[in-house]
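**Q** Here is a sequence with its predicted model. Questions after.
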Amino acid sequence: MVNRNVLVLGELKSGSLRSVSFEAIAAAQEIAGNGQVTAILIGEEIQGYSDEMIAYGADRVLTVEHKNLRNATSDGYAQALFKVMEEEQPDGLVFAHTALGKDLAPRVASRMDAGLVSDVTGIAREEETIVFTRPLFSGKAIEKKVITEGLMMATIRPNNIPPLDRDPSRSGKVESIDIEIENLRTMVKEIIHSKSDGVDLSEAKIIVAGGRGVKSAEGFGPLQELAEVLGGTVGASRGACDAGFCDYSLQIGQTGKVVTPDLYIACGISGAIQHLAGMSNSKLIIAINKDPEANIFHIADYGIVGDLFEVVPALVEEVKQMKV
Ligand code: FAD
C-alpha cells in the first residue's frame, strides 16, 4: 500500500466548515493510502474547527492564524500555504473545487511545479497509482487522469466523493504555524451578503429550480415552499434570471453554477443544452412542464406533464402529509 503525506485545505463559509471540506478529506485519505492526512485551516480564530476536521478523517490539523487572513484572499492564503508546504514537504494537496480552491490551486501548482487535476468527481487507487476522474465538455464525456511524478494536486467537485462517516471519538494532533502575512496586494474589508445568499447551490442536496415558466418573482413562492418542506434550496435557469424573476446568483448551467444534488426538481424549465450542462449529473431529476415535448423530459428520471402552479402546491401538501 502507498504511503503518502497529503494536505487538505479546510474551507469556512459564514462561520462553519463547508461540507465539501469533509469530502476533500475522504479524497485525501484515498491518495494517502497508509500515509497521513493533515488538514490545514487558515484564518483568524479558527482553532474551534479542528475537532470537526479530525472527526471526518483528518489525522492531524495545522492552523495558520493571522489578522490579515480573516477574509480569504488568494494573495494571503497563498502566502500561508507556501509556508506550510515549505515545512511539510507533502506528496499531495487537495482543495475543494470552490471559488477559493479554483483560485488557489493553480497558483500553488505553478509555484510548486506540480501536476494538478481540477474538478475531480472520482478517485480510485490502482496499486501505487491514483486515478482521477473528471468531467469534460460540460459533462458529455469523462476523462481519467494520473499524475506521474512529483507533488499530486487536485480540486474536488462538491457532492461527488462521499465523506467518511463522522466519528467524534477520533483524535489527532492540532498544531499551529506562525507566519507573518505581508505585502498583501488585496484585502477584503467587508463581506456584504446578497439577499439570496443561503445554502450554497453547489453543495445543496436538494434543489427546486424554476425557469421562465414560473412567470414572475412571486411565482417562485410555491417553489420556495417546496424547497423548504424538502429541506432544500431554490435555483433557477438563466431564462428566469434574465426575466428578472430572481437573482443571477441562483443561475444553474453552463454560465451559472454546476450542481450535483441528490434530487433536482426542474419546474417550468425547457431543458436547453446550456441549462443541462449545469445539472444533468444530478442523482435524481424530476421535471414538471406543461409541454410534453420539452427537452428536459429527455434527461429526467421522472416527468410530470402539467401546470407547475397546480403540481408544485400539490407536492408541498403531499410532503407535509408524509411528515405528519
Ligand atoms: P424557456 O426555454 O422559455 O422555457 C420555459 C418552459 O416553461 C417551457 O418549456 C414551457 O413549456 C414551460 N412552462 C411555461 N409555463 C408553465 C407552467 N405554468 N407549468 C409548467 N411549465 C410551464 N441557460 C441556463 O439555464 N443556464 C445557463 O448557464 C445558460 N448559459 C447560457 C450560455 C450561453 C452562451 C447561451 C447562448 C445561453 C445560455 N443559457 C443558459 C440560456 C439557454 O439557452 C435558455 O435560453 C434558457 O435555459 C431557457 O430558460 P428556461 O428553460 O427557463 O426558459
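**A** Thanks, I have the structure now. Small disclaimer: the values here were computed from a predicted structure and weren't measured.

**Q** that's a strand at residue 118, yeah?
**A** Yes. Applying DSSP: H, G, I helix; E, B strand; the rest coil, one finds residue 118 inside a strand.

**Q** Residue 294 falls within a strand, correct?
**A** No. Residue 294 is assigned coil when assessed by three-state DSSP, not a strand.

**Q** ok, now which ones touch it?
**A** For residue 294, the contacting residues are 270-271, 287, by C-beta atoms under 8 Å, 6 or more residues apart in numbering. (C-beta placed from N, C-alpha, C; glycine too.)

**Q** May I have the strands that pair with the helix or strand bottoming out on mean pLDDT in the chain, each with its orientation?
**A** In the chain, the helix or strand scored least confidently by mean pLDDT, DSSP states H and E is strand 12-13, which has a mean of 90. Sheet pairing of strand 12-13 (DSSP bridges) gives strand 16-17 (antiparallel).

**Q** Off-centre distance for the strand it pairs with?
**A** The gap between where strand 16-17 is centred and where its chain is centred comes out at 13 Å by C-alpha atoms, centre = their mean, to the nearest Å.

**Q** Alpha carbons of stretch 16-23, as CSV, please.
**A** In CSV, the C-alpha atoms belonging to stretch 16-23 read as follows (Å, rounded to 0.1, in the frame of the first residue of the first chain):
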residue,chain,number,x,y,z
SER,A,16,-19.0,26.9,9.5
LEU,A,17,-16.9,24.4,7.7
ARG,A,18,-18.1,23.7,4.2
SER,A,19,-19.3,20.1,3.7
VAL,A,20,-17.1,19.8,0.6
SER,A,21,-14.1,20.1,3.0
PHE,A,22,-15.1,16.7,4.5
GLU,A,23,-15.4,15.2,1.0
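
**Q** What lies in contact with it?
**A** Stretch 16-23 is contacted by residues 8-12, 39, 49, 52-53, 56-57, 96-98, 156, 158-164, 166, 200, 202-203 when judged by C-beta under 8 Å, 6+ apart.

**Q** Restricted to strands, list those.
**A** Residues of the contacts of stretch 16-23 located in strands (DSSP state E): 8-9, 12, 39, 96, 156.

**Q** Stretch 221-236 and the ligand in contact?
**A** No. Contact between stretch 221-236 and the ligand is absent, the nearest approach being 7.5 Å (criterion: C-beta under 6 Å from any ligand atom).

**Q** got the buried residues for that stretch?
**A** Neighbour-count burial for stretch 221-236, counted by 16 or more other C-beta atoms under 10 Å, picks out 222-223, 225-227, 229-230, 232-236.

**Q** what's the most distant pair in those residues?
**A** 229 and 236 (18.9 Å; C-beta to C-beta).

**Q** hang on, the earlier thing: identify those among the buried residues of stretch 221-236 that sit within strands.
**A** 233-236.

**Q** Can I get the residues you listed in CSV including pLDDT and distance to residue 79?
**A** Shown next, in CSV, are those (pLDDT from 0 to 100; distance: C-beta to C-beta, whole Å):
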residue, pLDDT, distance to residue 79
233, 95, 34
234, 97, 38
235, 97, 35
236, 98, 37
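
**Q** Surely residue 287 and residue 304 touch.
**A** Yes. With contact defined as C-beta atoms under 8 Å, residue 287 reaches residue 304; the gap is 7.1 Å.

**Q** In terms of neighbours, single out the busier of those two.
**A** Between residue 287 and residue 304, residue 287 has the larger neighbour count (other C-beta atoms under 10 Å), namely 25 against 20.

**Q** I'd guess the more buried one is in a helix, am I close?
**A** No. Read with three-state DSSP, residue 287 is strand and lies in no helix.

**Q** Name the nearest residue to it, ignoring sequence neighbours.
**A** Of all residues not flanking residue 287 in the chain, residue 300 sits nearest, at 3.8 Å (C-beta to C-beta, 6 or more residues apart in numbering).

**Q** who touches the residue most central in space within the chain in this structure?
**A** Nearest to the mean C-alpha position of the chain, counting by C-alpha atoms, centre = their mean, stands residue 158 at 3.1 Å. Residues near residue 158 by C-beta under 8 Å, 6+ apart: 18-20, 23, 96-98, 200, 202-203, 260.
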